[in-house]
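Colleague: I'd like to go over a predicted model; first the sequence, then the structure.
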Amino acid sequence: MILGLALERRGDGLRLIIDFEAYRTGWVEFPPIVIGSQKITGLGAEISSLLEAGEEGRLLSPAAQALPVPGTVLMVYGFSGGALVCIIAFSLLSAGLVKNRDEAGRRFRRKKALRIMRKAIRRLKDEMARADFSPPLGGELLGKLSLALRRFLSDMLGVNCLSLVPSEFSGLDFERTGDGLYGDGLYIAENLDFLASFFSRSDSLRFGFGIDRSRVVSMVEEASAFITAFEKYRPPSSREETGGRP
């Protein structure tokens, strides 16, 4: 069925435009067309079906492949690259947060242990100043000092030092490389012989004879000096970074 006709002039020639509907496939011949003084014959068109046969009867022909939008490839690669950068950044951020959290926890535990130890030493110094000082009281104070120092070492090293005999401190086995922040393990490793001697002398005074105020004061001062040096200690790597300052 012909729906419309139009004759357009193109340069020196004419162009016929036919708007029609086809109801069958194959070759379709148009009847003679007369427009004004123009008579056109022998026109025809090849009609292809919009449907093609399939196993289940007539099926719609497959749709033509869509043309990519300009810049699609660039957009895909850009999105993939951006996603990869985000994943890497998130991984680094997560690792940094975990490291900072562990470091913050390490600092907090260290400060707490030092605070408890310094408080214990202050209490012992106050009790040593009592006018009614006696050998039994001195033995009791040395027992408190030994227990506080053993607990402190246990917290710092992650090793149970409460049940160790004095001689076992010389060969105490633990990670001695320090944590790169305070070098706790390095400092204590350098003072294992001192600790073995300290606990041995403390036990000798507590369970032997000759205990007096001056000897108890000396033991407390030794423990206080050990804690003060421990708090100020920096591993060799940190000393180099700070220009050799301890």
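Modeller: Sure thing, it's come through. Residues are numbered from 1 along each chain as shown.
Colleague: can you count the residues close to the residue nearest to residue 20 when sequence neighbours are not counted?
Modeller: In space, and not counting its chain neighbours, residue 20 is closest to residue 2: 4.7 Å by C-beta to C-beta, 6 or more residues apart in numbering. For every residue, glycine as well, the C-beta is placed using N, CA and C. The number of residues packed near residue 2 is 11, by other C-beta atoms under 10 Å.
Colleague: Repeat that for residue 211.
Modeller: Residue 211 has 21 nearby residues by other C-beta under 10 Å.
Colleague: do residue 145 as well
Modeller: Residues near residue 145, counting by other C-beta under 10 Å: 24.
Colleague: now the residue nearest to residue 20: how far from residue 45?
Modeller: With distances taken as C-beta to C-beta, to the nearest Å, residue 2 is found 11 Å from residue 45.
Colleague: before we move on, what about residue 126?
Modeller: 115 Å.
Colleague: out of the two, which sits in the busier spot?
Modeller: Between residue 126 and residue 45, counted using other C-beta under 10 Å, residue 45 has the larger neighbour count: 12 against 9.
Colleague: could you measure that one against residue 34, distance?
Modeller: For residue 45 relative to residue 34 (C-beta to C-beta), the value is 19 Å.
Colleague: just checking, what packs against the lengthiest helix in the chain?
Modeller: Longest helix of the chain, by residue count under DSSP state H: helix 72-128. With contacts taken as 3 or more C-beta pairs under 8 Å, 6 or more residues apart in numbering; DSSP states H and E, helix 72-128 sits against helix 135-157, helix 213-232.
Colleague: Could you pull up phi and psi at the residue sitting furthest away from the middle of the chain?
Modeller: Using C-alpha atoms, centre = their mean, the residue of the chain lying farthest from its centre is residue 37. It sits 86.5 Å away. With angles defined as degrees, to the nearest 10, residue 37 sits at phi -90, psi 0.
Colleague: residues in contact with it?
Modeller: Residues near residue 37 by C-beta atoms under 8 Å, 6 or more residues apart in numbering: none.
Colleague: just the one 4 residues further on next, same as before
Modeller: The neighbourhood of residue 41, defined by C-beta under 8 Å, 6+ apart, consists of 32-33.
Colleague: and it, how far is that from residue 13?
Modeller: 17 Å.
Colleague: Check residue 219 too.
Modeller: 121 Å.
Colleague: for residue 29, same thing?
Modeller: Using C-beta to C-beta, we find residue 29 at a distance of 23 Å from residue 13.
Colleague: Domain parsing of this protein, as residue ranges.
Modeller: 1-41, 112-241 (automatic domain parsing).
Colleague: what's the most buried one of those domains?
Modeller: domain 112-241 (a mean of 16; mean count of other C-beta atoms under 10 Å).
Colleague: before we move on, back to that, redo the domains of the chain as JSON lines? Include mean pLDDT.
Modeller: Output for the domains of the chain, formatted as JSON lines (pLDDT from 0 to 100):
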{"stretch": "domain 1-41", "mean pLDDT": "74"}
{"stretch": "domain 112-241", "mean pLDDT": "84"}
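Colleague: Could you export the ones you listed as a markdown table, including distance to residue 83?
Modeller: Shown next, in a markdown table, are these (distance: least, C-beta to C-beta, whole Å):
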| stretch | distance to residue 83 |
| --- | --- |
| domain 1-41 | 49 |
| domain 112-241 | 34 |
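Colleague: and of these, who's closest to residue 90?
Modeller: With C-beta to C-beta, the closest approach to residue 90 among the domains of the chain belongs to domain 112-241: 25.5 Å.
Colleague: chain center to that closest one, what's the gap?
Modeller: Here domain 112-241 is found 37 Å from its chain centre; the criterion is C-alpha atoms, centre = their mean, to the nearest Å.
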